[in-house]
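Colleague: With the sequence up front, the predicted model follows.
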Amino acid sequence: MTTLEKLKEILCECKGEDIDITPETNFDELEFDSLDKVDIVMQIEEAYDISLGENLQLSTVGELIAKIDEAVANK
Amino acid sequence: MQTKLTRLLGIRYPVIQGGMAWIADASLASAVSNAGGLGIISAMNAGADFVREEIRKCRAMTDKPFGVNIMLLSPHVEEVAQMVAEEKVPVVTTGAGNPLRFVKLWKEAGTRILPVVASTALAKMVERAGVDAVIAEGGESGGHVGDLTTMALVPQVVDAVHIPVVAAGGIGDGRGVVAAFALGACGVQMGTRFLVAKECTVSDAYKKKVLAAKDISTMVTGRRLGHPVRAIKNSYMNAYAKLEADSNVPDEELEKFGVGSLRKAAKDGNAEEGCFLAGQIAGMVSREQTAAEIVSEVMEQAEAMMEGVKWDV
């Protein structure tokens, strides 16, 4: 499973419906609230056994994927 | 009564007073601490000098532990966080976000850290950062609220973390304390009940509104802007709800409409234009008492109900 696929799974689960995401999708469009965002970060961190850092800003899906891949590579 | 919370904080009763903005000052905090609970000073949006002054006033009025509630969205949060470490405040509770970046600073100062959380994910995240306990606050509470209720949130947080859990939201008497214990919490945080404490310096109009409130007297507005708030229904809240429902009203106008409304309620006692934050248990609060009377009444009722029952708290 690619990081994009895994992330899509987490985001769809959190949204409660299937949503289309691409690396260009901006988190603002997805309209997650602050608790959703905490949940998403926690799920990613637990799935990959990584830490995304304290000051993570969610901008685009592509940027988040890059951060996940970087954290996995540095494990 | 001893629980994990009283042992953690060095207090007599497992009762924390909510950090209510514009309301929780040195007078109320010291009174609650002297009563054996944990009094809290609200740092709200204030600067470090203002909060330091309240801390020192509180220290002059009590030798018991007390805390400061830090609102993480405050524009002065960095300087206030630093100042509470300098002042070696015994306890910090945090609201409106994730306090990760301050955990090391406060731990080095010997400060106990209890973030208010509204979901299990946030509870797990702050536990991992090394906080001492979490306050799981359900949407029955006054002020900023999450969607989950105390009944649903508390046991799920208890299952999600290994640190002590304090229940908040909808707790106003001994029955609520026992219910919190039954859900796995080892203490409670109460705000609304302390609003009418004699030592609470909030406006008389505010106290009157809480005393007159019944079960359905509160409502929630602000969902559209992503920060819902529970307060007592009045002309301000009704007008806000109308603006919020009107899609022709831009978010900026809505935001502007709310500015200053808390101060108008707490300090000016403006019954029409103020935002009187209160929880759903406002309907149970029927008389003004001293903080000591409130704490001992709540705990006596809880202890009487728990007599003969073995509790792991």
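Modeller: Thanks, I have it.

Colleague: And the strands in chain B, which stretches?
Modeller: B:15-17, B:39-42, B:66-71, B:91-95, B:112-117, B:134-137, B:143-144, B:165-168, B:188-190, B:218-221, B:229-232 (DSSP state E).

Colleague: Tell me the strands beside the fifth one, with direction?
Modeller: When sheet partners are counted by DSSP bridges, strand B:112-117 sits next to strand B:91-95 (parallel), strand B:134-137 (parallel).

Colleague: got the contact list for the shortest one?
Modeller: Where contact means C-beta atoms under 8 Å, 6 or more residues apart in numbering or on different chains, the residues beyond strand B:134-137 that reach it are B:16, B:93, B:114-118, B:123, B:126-127, B:145-146, B:150, B:153-154, B:157-158, B:161, B:163-169, B:185, B:189. Any C-beta I mention is one placed from the backbone N, CA and C, and that applies to glycine too.

Colleague: what does the longest one give?
Modeller: Strand B:91-95 is contacted by residues B:9, B:16, B:19, B:38, B:40, B:65-72, B:84, B:99, B:102, B:106, B:111-116, B:135, B:144, B:189 when judged by C-beta under 8 Å, 6+ apart.

Colleague: what's in contact with stretch A:8-21?
Modeller: Contact partners of stretch A:8-21, identified using C-beta under 8 Å, 6+ apart, comprise A:1, A:4, A:7, A:30, A:32, A:36, A:39-40, A:43-44, A:47, A:61.

Colleague: Surely B:M1 touches B:E303?
Modeller: Yes: if you go by C-beta atoms under 8 Å, B:M1 and B:E303 touch, sitting 6.2 Å apart.

Colleague: who has more neighbours, these two?
Modeller: B:M1 (17 against 14; other C-beta atoms under 10 Å in any protein chain shown).

Colleague: Pull the contacting residues for the more buried one.
Modeller: Listed by C-beta under 8 Å, 6+ apart, the contact partners of B:M1 are B:12-14, B:299, B:302-303.

Colleague: try A:N74
Modeller: Contacts of A:N74 by C-beta under 8 Å, 6+ apart: none found.

Colleague: Show me which residues of the stretch 51-200 of chain B sit near chain A.
Modeller: Applying C-beta under 8 Å from any C-beta of the partner chain, we find that the stretch 51-200 of chain B lies next to chain A at B:97-98, B:100-101, B:118-119, B:121-122, B:124-125, B:146-147.

Colleague: what's the spacing between the residue nearest to B:E244 when sequence neighbours are not counted and chain A?
Modeller: Nearest in space to B:E244, with sequence neighbours left out and distances taken as C-beta to C-beta, 6 or more residues apart in numbering or on different chains, is B:R224 at 5.0 Å. Using C-beta to the nearest C-beta, to the nearest Å, we find B:R224 at a distance of 12 Å from chain A.
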